[in-house]
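Trainee: need coordinates for the below:
(2 chains)
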There are 2 protein chains.
Amino acid sequence: MEFTFLGTSAGTPTKARNVTGLALMHGKPRHWYLVDCGEGTQHRLLHTRHSVMKLQAIFITHCHGDHTFGLPGLLTSASMLGRSEPLFLVAPRPVRDFVETALANSDSSLSYELKYIDSEAPDFQWEDEAIAVSATALSHRVSCRAFAFTEKNRERQLLTDRLEADGIEPGPVWGELQRGRDALLEDGRVVRSDTYTTVTRPARKIVVGGDNDTPDLLKTLCTDAQVLIHEATYTQAIADKVGPWPQHSSAPSVARFAENAGLAHLVLTHFSSRYQLSRGAYPNIDEIELEARERYRGQLILARDLATYRLNRDLTLEAVASPPTQDPRTPRAE
Amino acid sequence: MEFTFLGTSAGTPTKARNVTGLALMHGKPRHWYLVDCGEGTQHRLLHTRHSVMKLQAIFITHCHGDHTFGLPGLLTSASMLGRSEPLFLVAPRPVRDFVETALANSDSSLSYELKYIDSEAPDFQWEDEAIAVSATALSHRVSCRAFAFTEKNRERQLLTDRLEADGIEPGPVWGELQRGRDALLEDGRVVRSDTYTTVTRPARKIVVGGDNDTPDLLKTLCTDAQVLIHEATYTQAIADKVGPWPQHSSAPSVARFAENAGLAHLVLTHFSSRYQLSRGAYPNIDEIELEARERYRGQLILARDLATYRLNRDLTLEAVASPPTQDPRTPRAE
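Mentor: Numbers count the residues shown, from 1 in each chain, chains lettered A, B, ... in the order given. Now for the predicted structure:
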């Protein structure tokens, strides 16, 4: 499982950082998922290898503009490129209303079906062949969700002793069972994959938070997760100065939660645009890192725009170099 | 009068070119106007010296997304920066509806008043202290306007012979008249600036077209204009291949109009994203230039993102180097 940050700034873009967007890759080659879509997300994508043609689903944490204003442009660009496959948009109701009125008022129609899923339905669950997604409510100025992405279809190891003991001979049936499929024997017996195989490693699970002032709300969703990607809009001093009304997290509060939850990897993002990247400039993003490190002993990463990380099968998390990219051509009219 | 291209691509952004946006500067220092606001316009502005705090008015040619989807982000960023001065939005009705629903559905409110002006009102005229704006209807898939920007308050020269003949003594009254203001004499006479001064040069006038397949519609609006900024989405061969339905102009058709209209300067923009900037890459933006040069003998410029041009008082048009820029700080919460 890999993820690429398309934007790491809160509220407004800066010269170096866009507003929120995260590409998550898993499953078939080039298939990917988008979490939040601030303005300029489609521009950032031009500097990655992710194509809107291969996007499987979009998940929106909440309705604020720095997480949603890129939707109309991304959706219509996919249409101009001639996309025909349906696209899922998992979002709260106001985001659906925003998208529908943006399309109607710009005389736009899409070349593909946009399948809306209400992220706030009490029984919300979503899955495709590769991943299962669940959600939990957070605490912010508007209704907001965190999403957990769990891989499906882990590798299975055949329990050969048991297969032989039950008289199931090596052959195509073994292959079926190992791929997780139940099989029919020539003698009419149905054999279950779960009975004759075992999964040898835990499922990879990544939790992506939305805006949130109460990290503890993520406790249940983070069970068995290895990675938490969460906003850390402010250092504690600035959070105290701004006051509680924006309902964001400070670096120490998120770090403390991740430490208590026993999370192996914590990735911070959604930094106030006031935080500077250049060494020596004040207030500096390094202060967010310092404050978090004091309270968290796992692997801590401060997200940078266009940085990509891979959660390996052995549950290590590592940075991945970005391959060169190319502009997609536009075959249809502008 | 100066103008900076914030985007020169049609329909979708490319790595080098954003969708449409044009900053026009005239009047008080740092005051400026925006024509069209495609997604990512606020991002482009971070690489110019133009601040949303000093923006006077926004003019939208038509409702298509590549000319409008940047509005919600730009407007809310100005609010997050604490803007308090009213801002004019001159646009067709669907754009107003788009902006209002985008703000409502993103739980956004603005810290300043947005003053909507219907650009399609039959008697549309707009002016402030520095410029007068008029419009004309174009031919596109949706209702579309071109805007003409004419400078006001040109320097006046005193007609001293006439002043002396009428017994008006040198003094503060002469200063008032030269600034274009009528004055009250001590003897109770009201003297008109127009009577005792003369304007020594033509007014600068820049016409900015929207999307349009019939350049001839600009004939009246281009009267006494020195500069026409117009789309040239396609070369003739691609225009013929795409067919008439997108209702765009080819380079030769715009060039032919500008030549016949006797325009001194023609600036082409809004190039299909298929046109490449790198030498040798096909199809190349150079082909658009070549086709236009064959039919137009004035000063021809192909717009590039972030390029700035100055229309001088002597009506020459020249490129201006861009000064270094800095991120604005965000004092309010994200």
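
Trainee: mind listing the strands in the stretch 201-334 of chain A by residue range?
Mentor: Under the criterion DSSP state E, counting those that start in this stretch, the stretch 201-334 of chain A contains strands at A:205-208, A:227-231, A:265-269, A:271-272, A:299-302, A:308-311, A:317-320.

Trainee: make CSV out of those strands and add mean pLDDT and mean neighbour count.
Mentor: No exception for glycine: its C-beta is placed from N, CA and C like everyone else's. Conversion of the strands of the stretch 201-334 of chain A to CSV gives the following (pLDDT from 0 to 100; neighbours: other C-beta atoms under 10 Å in any protein chain shown):
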stretch, mean pLDDT, mean neighbour count
strand A:205-208, 98, 25
strand A:227-231, 98, 27
strand A:265-269, 98, 24
strand A:271-272, 96, 26
strand A:299-302, 98, 18
strand A:308-311, 98, 18
strand A:317-320, 96, 14
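
Trainee: any idea how far the closest residue to chain B within the stretch 151-300 of chain A is from A:Gly188?
Mentor: Sorted by distance to chain B under C-beta to the nearest C-beta, the residues of the stretch 151-300 of chain A start with A:Pro246, at 3.6 Å. Shown here: A:Pro246 relative to A:Gly188, a distance of 65 Å by C-beta to C-beta, to the nearest Å.

Trainee: more crowded one of these two?
Mentor: When neighbours are counted by other C-beta atoms under 10 Å in any protein chain shown, A:Pro246 and A:Gly188 differ, and A:Pro246 comes out ahead with 19 against 6.

Trainee: I figured A:Pro202 hits A:Leu315, correct?
Mentor: Yes: with contact defined as C-beta atoms under 8 Å, A:Pro202 reaches A:Leu315; the gap is 7.1 Å.

Trainee: which residues touch A:Leu300?
Mentor: Under the criterion of C-beta atoms under 8 Å, 6 or more residues apart in numbering or on different chains, the contact list for A:Leu300 reads A:255, A:266, A:268, A:289, A:292-293.

Trainee: go with 7 Å
Mentor: Residues in contact with A:Leu300, defined by C-beta atoms under 7 Å, 6 or more residues apart in numbering or on different chains, are A:266, A:292-293.

Trainee: surely A:Ala10 touches B:Met80?
Mentor: No: with contact defined as C-beta atoms under 7 Å, A:Ala10 does not count as touching B:Met80 (9.8 Å).

Trainee: more crowded one of those two?
Mentor: Counted by other C-beta under 10 Å, A:Ala10 and B:Met80 do not tie: A:Ala10 has more neighbours, with 30 against 23.

Trainee: so the nearest residue in space to that one that is not next to it in sequence versus A:Glu186, what's the distance?
Mentor: Excluding the flanking residues, the one nearest A:Ala10 by C-beta to C-beta, 6 or more residues apart in numbering or on different chains is B:Glu334, at 3.5 Å. When distance is defined by C-beta to C-beta, B:Glu334 is 65 Å away from A:Glu186.

Trainee: how about A:Pro94?
Mentor: Applying C-beta to C-beta, the value for A:Pro94 to A:Glu186 is 58 Å.

Trainee: give me the more crowded residue out of those two.
Mentor: Set side by side, A:Pro94 and A:Glu186 show more neighbours around A:Pro94, with 20 against 8, by other C-beta under 10 Å.

Trainee: my guess is that one contacts A:Cys63. True?
Mentor: Yes: with contact defined as C-beta under 7 Å, A:Pro94 counts as touching A:Cys63 (4.2 Å).

Trainee: list residues touching both of these two?
Mentor: Taking C-beta under 7 Å, 6+ apart as the contact criterion, the common neighbours of A:Pro94 and A:Cys63 are B:Asn105.

Trainee: hang on, A:His43 in a helix?
Mentor: Yes: per DSSP: H, G, I helix; E, B strand; the rest coil, A:His43 lies within a helix segment.

Trainee: look up phi and psi at A:Glu120.
Mentor: A:Glu120 adopts backbone torsions of phi -100, psi 0, taken as degrees, to the nearest 10.
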